[in-house]
Structure formats: C-alpha cells, structure tokens
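Chemist: mind folding the following:
(one chain, ligands or ions: 2)
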Amino acid sequence: MKILDQELEASSTISYAGLIEKIEILRSTLRWASRLERPDIEKLLRQAGALRDEVMQLSHKERFVKAAAAEPTRAALSRRQRRQGLIERSFVFEGAFGENPKLLEALEIAEKAAPTGLPVLIDGESGTGKELMAKVVHANGDRADRPFISVNCGAIPENLLESELFGHRRGSFTGASTDRKGKFESAHTGTIFLDEIGELPLTGQVKLLRVLEAHEIQRVGSDELIAVDARVVAATNRNLRRLCEEGKFREDLFYRLSVIHLSLPPLRERRDEIPLLFQFIGDEAAEALKRRPIEMTRRLRAFLLDYAYPGNIRELRNIIYRLSCLAGQTADVEHLPADIRPAPPVRGAATAAPDGDDKAVGAAAFSEAKRVASDQAEREFLERGLQEVGGVVTELARRCDMNRSHLQSLLKKHGIRSKDSRHANASRRDELA
Ligand SMILES: Nc1ncnc2c1ncn2[C@@H]1O[C@H](COP(=O)(O)OP(=O)(O)OP(=O)(O)O)[C@@H](O)[C@H]1O
Ligand SMILES: [Mg+2]
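Modeler: Ligands and ions are numbered 1, 2, ... in the order given. Okay, here's the model as predicted:
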C-alpha cells in the first residue's frame, strides 16, 4: 500500500470544508491500507498532528472573531479593520489577541518581518507576550514547519553557556560523557528564540556575536566549524540601550539583534481591551476545562477592570483560568487569589462598635468587628456557593474540599436551608447507611 506522499501541511486559508477533506483523505488511506509499516504509521501520525494544529488554529480564529464582534464601538472601527486585514491576509496569530494600536503595530511589523529571516528583538514587561510574539514571527515565515528552539539566557550558568548554545565534544570537560548538540544546531533551518537576552553575560555576548556574523559554530572541545542557519529572535524585559550605556551589553550585539525591533505594551496601557480579553480568555479557559464560560458578579468585574495587573496578560490569563476552575456558574471576588483579593466590607462592624462608644476602638471591639465580618463573609460564601450548585450540599462540600457534616453544621449555624435539609430524615438515613 502507499501512504500519500504529500504531507497535510497547514494551508494558508483553513476552512472546515478543507479540514473535512483532509480527514477523509486520511480515513480512506487507512481504509485501503492492507498493512502498515512503521514509516507509514509515522507519516500518518504526522498528518494527524498537522490536522490537529489546523483545528486549533481554526478554533483560535473563531474565538477571536467571536470576541472581536462583541461590544463594537465607533472608535474601535479602524483598529478592527486593521485586525481584520491581518485575518484576511491569513496571518497566524498563535492566540495573540487585542486591537490596541501598539499591539497591532507590533503584529503588523511581525507580519512584514516574518518572511525575511532578519533578526528580531522584542521588548516589553514581564507577561506582555514576548515569547508568544516570537512564535508569531516564526509561524508567519517560511520556517514555520521547522524547529522553534527556545533558550532562556538568564537560566543557564555561565560555565555551561557555551556548551548549551553550541554543544560539546565528548570528554571536553568533566561531565561531558557524550557528544552533544547545542541549541543553535537544533535550531538549524528554523528559529532560535533567545529569551532574557539582557541577562547574557559579556563572555556569552562575544561568542553569540561571532555566530551571528559567521553563521557557524564550534562545539566546545572541537575544531570543526559547523554551518548553522538559524533565524534569531531575542527578547528582553530590560532596557538594552541603557545596559549598553552602562557597559553591561555590547552595543554591536544590540544592533545586530535589533534589526527589527518590536515593543509590546503593558496591559495598563491597553485597559480598554480588558473586557474583550475576559471574553476571549474566558472562552479559551472554558474550552480547555470542558465547561461553560463563567459569568462574573458586578463586584468582581469592577475589581478586575480596575486592577493594575503588574504581571500583565499572563496574570490576567492566570486569574481567568483560576476563576473558571474554582467558580461554579458565577465567579466572585472570593475566587480571586488571596494576595489580590479585596478585603470584604465590614458591614456588621458598625453595629458591634457604635460611634461615640468609648470602647469602639478597644481590643474587644476590634475582635468583635473581625468576628462579625468573618461571619458575614462565611454566610455570603455559603449562600452563593449553595445557589451555584443548585442547593446540593454534597456537591458544595466537594468543591470546597470540606467535610460534608462540617458544611452541614456551618449551614445550620447561619440558618441556611439546603435542598438536603428539606429531606433531613432521608439524608440522616444515608449517613447511617
Ligand atoms: N496578546 C495576547 N493575547 C492573548 N494571550 C496573550 C497575549 N499576550 C500574551 N498572552 C498570554 O500571556 C502569557 C504570557 O505570555 P508570554 O510568555 O509570551 O510573555 P513574556 O513577555 O514572554 O513573559 P516573561 O517576560 O515573563 O517571560 C501566555 O500565556 C500568553 O499566551
Ligand atoms: Mg517569556
């Protein structure tokens, strides 16, 4: 039997009809196969992998179109047209979402730079999407199906740097028990992503510069020169110009790396996009966690719209995934990570320590205020939780990772009636059984 020679490569325009056709080709290949040898199986697996990637891309694209269609405003129109232009030109976003002019500018530069093979330097604060943008550059160029090798320059000890980047020969240093390829060789014909380039020590900078100039490397302990053709994309959250002025980064390397320079805006400079990001990432999280997208209470939404996001999109993304995992249908502030959660309003405190009372600021008044606030937060949490699980105590106990009978006693303390309490006798029989 013959497996199709033509690989199922990602076509420039993906459509459901195109995907179904490719699935049919795979099915008929399998249907007519009298026997499959290992290379045939490998080929079929590669074809199935390519199909899966296309489905993922289509789903990202759909999510983007859906989210972008929501809440259109007049001012957003030209941004939307720019984004639409990228979509129509079959730009691969790799999940990068947003219409902020600075982000669009970065995407448009990436689009132009991608096919050229020129070095690209990406800067931006932590979590602004530098690695994602490096993948965008890779995915839109003609090396898209070649390796994308990521190196964190800040995480490699200085004495291992050369071996990590360029490889080594067996016996060249203690511990080098076999010949080993470096990252540059692995990235041959593809892209090498030099993350946290600002952390590269000066000795490493000299060696990197030589490779960028000569396009060849030498493994540690070897005289042989090996030609490498790796497209370089570097990223940093530091100000490389300033590092150059301070003598900590070589200026010649800076100019070599930054032929194309992309800057990613922090989330606080694109706050208008936060609602769209909620929707986009919320849908993505729902898909990943196989659940319905969460809704947010007004209180939570107001908090998140106002929050500073020092960790930028990564932090926003993590928060949305956390909410999607922990909340039932509706998420509220108590589902936020404890270190950013706003303090609950101390409504009952006024009753506990009325104005004008001499003891209002005394130790007893303080602990009473804390008790009242804690009771109130507990009651609100239980009421909302019970509502979200349709009144089923067992389910709420499971979600809160709490003993069921302890939860029952808390509900009793607050006088909250659950579905189970209406069938108290039956549940007691269950517990005894
Ligand atoms: N425009 C965007 N749209 C959707 N998701 C994004 C966007 N930008 C970044 N993300 C997501 O945010 C997270 C952080 O992105 P990434 O790792 O690329 O940031 P980074 O700038 O490299 O961060 P660091 O400096 O900490 O390494 C990832 O999950 C990424 O998918
Ligand atoms: Mg990164």
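
Chemist: which residue, neighbours along the chain excluded, lies closest to the most centrally placed residue in the chain?
Modeler: In the chain, the C-alpha nearest the mean C-alpha coordinate belongs to residue 314, at 5.7 Å (Cα atoms, centre = their mean). With Cβ to Cβ, 6 or more residues apart in numbering as the criterion, residue 314 has its nearest non-adjacent residue at 3.3 Å, and that residue is residue 127. From N, CA and C alone the C-beta is placed, and that goes for glycine too.

Chemist: state the number of residues packed around residue 55.
Modeler: 14 (other Cβ atoms under 10 Å).

Chemist: ok, the one 3 residues further on next?
Modeler: A count of nearby residues for residue 58, using other Cβ under 10 Å, gives 15.

Chemist: now do residue 213
Modeler: Residue 213 sits with 10 neighbouring residues when counted by other Cβ under 10 Å.

Chemist: quick revisit: the residue nearest to residue 314 touches residue 311, doesn't it?
Modeler: Yes - using Cβ atoms under 8 Å, residue 127 makes contact with residue 311 at a distance of 4.6 Å.

Chemist: between those two, which has more neighbouring residues?
Modeler: Applying other Cβ under 10 Å to residue 127 and residue 311 shows that residue 127 carries more neighbours, namely 21 against 16.

Chemist: residues contacting that one?
Modeler: 267, 311-315 (Cβ atoms under 8 Å, 6 or more residues apart in numbering).

Chemist: can you pull out the low-pLDDT segments for the chain?
Modeler: 1-15, 17, 56-57, 59-77, 345-372, 401, 419-433 (pLDDT under 70).

Chemist: let's go with 90 and repeat that
Modeler: By pLDDT under 90, the low-scoring segments of the chain are 1-81, 98-100, 117, 158-159, 169-179, 222-223, 272, 328, 341-433.

Chemist: just want the residue of it that's nearest ligand 1.
Modeler: In the chain, the residue found nearest to ligand 1 is residue 129; the distance is 2.6 Å by Cβ to the nearest ligand atom.

Chemist: in contact with that residue, which residues?
Modeler: Residue 129 is in contact with 96, 264, 312-313, counting by Cβ under 8 Å, 6+ apart.

Chemist: next, give me the two most distant ones among those residues.
Modeler: 96 and 312 (13.1 Å; Cβ to Cβ).

Chemist: tell me the SS of the nearest residue to residue 301 once chain neighbours are set aside?
Modeler: Nearest residue to residue 301 in three dimensions, chain neighbours excluded: residue 278, at 7.9 Å (Cβ to Cβ, 6+ apart). Judged by DSSP: H, G, I helix; E, B strand; the rest coil, the three-state class of residue 278 is helix.

Chemist: got it, and residue 262?
Modeler: On the three-state scheme (three-state DSSP), residue 262 is labelled strand.

Chemist: can you start the count at 39 instead of 1 from here on
Modeler: Okay, residue one is now 39; in that scheme the one you just asked about reads as residue 300.

Chemist: got a list of what it touches?
Modeler: By Cβ under 8 Å, 6+ apart, the residues touching residue 300 are 144, 147-148, 158-161, 171.

Chemist: apply 7 Å and report the result again.
Modeler: Residues in contact with residue 300 (Cβ atoms under 7 Å, 6 or more residues apart in numbering) are 144, 147-148, 158, 160, 171.

Chemist: in strands only, show me those.
Modeler: 158, 160 (DSSP state E).

Chemist: what residues go with each domain of this protein?
Modeler: As assigned by automatic domain parsing, the chain contains the domains 39-107, 133-303, 308-380, 408-471.

Chemist: out of those, nearest to residue 125?
Modeler: With Cβ to Cβ as the criterion, residue 125 lies closest to domain 39-107 of those, at 7.0 Å.

Chemist: put together JSON lines for the contacts of residue 300, with distance to ligand 1 on each row.
Modeler: Output for the contacts of residue 300, formatted as JSON lines (distance: Cβ to the nearest ligand atom, whole Å):
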{"residue": "144", "distance to ligand 1": "9"}
{"residue": "147", "distance to ligand 1": "14"}
{"residue": "148", "distance to ligand 1": "12"}
{"residue": "158", "distance to ligand 1": "14"}
{"residue": "160", "distance to ligand 1": "8"}
{"residue": "171", "distance to ligand 1": "7"}
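
Chemist: and the contacts of residue 300 as CSV, adding neighbour count and distance to residue 220?
Modeler: Shown next, in CSV, are the contacts of residue 300 (neighbours: other Cβ atoms under 10 Å; distance: Cβ to Cβ, whole Å):
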residue, neighbour count, distance to residue 220
144, 24, 30
147, 18, 29
148, 29, 27
158, 27, 21
160, 30, 22
171, 24, 24
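
Chemist: just the closest of the contacts of residue 300 to residue 440, please.
Modeler: residue 171 (43.0 Å).

Chemist: does residue 351 touch residue 305 like I think?
Modeler: Yes - counting by Cβ atoms under 7 Å, residue 351 does reach residue 305; the two are 5.9 Å apart.

Chemist: spell out which parts of the stretch 289-438 of the chain neighbour ligand 1.
Modeler: Proximity of the stretch 289-438 of the chain to ligand 1 (Cβ under 6 Å from any ligand atom) is limited to residues 351-352, 355.

Chemist: how about residues contacting the helix or strand in which residue 342 is found?
Modeler: Secondary structure from DSSP states H and E places residue 342 in helix 336-344. Contacts with helix 336-344, where a contact means Cβ under 7 Å, 6+ apart, come from 312, 369-371, 380.

Chemist: residues of that helix that come out buried?
Modeler: 338-339, 341-342 (16 or more other Cβ atoms under 10 Å).

Chemist: buried residues in the helix or strand following it?
Modeler: As assigned by DSSP H and E, the chain's next helix or strand after helix 336-344 is helix 350-364. Across helix 350-364, burial judged by 16+ other Cβ under 10 Å covers 350-355, 357-359, 361-362.

Chemist: which residues touch helix 350-364?
Modeler: Here helix 350-364 has contacts from 163-167, 304-305, 315-316, 319-320, 323-324, 327, 329, 332, 347, 369, 373-375, using Cβ under 7 Å, 6+ apart.
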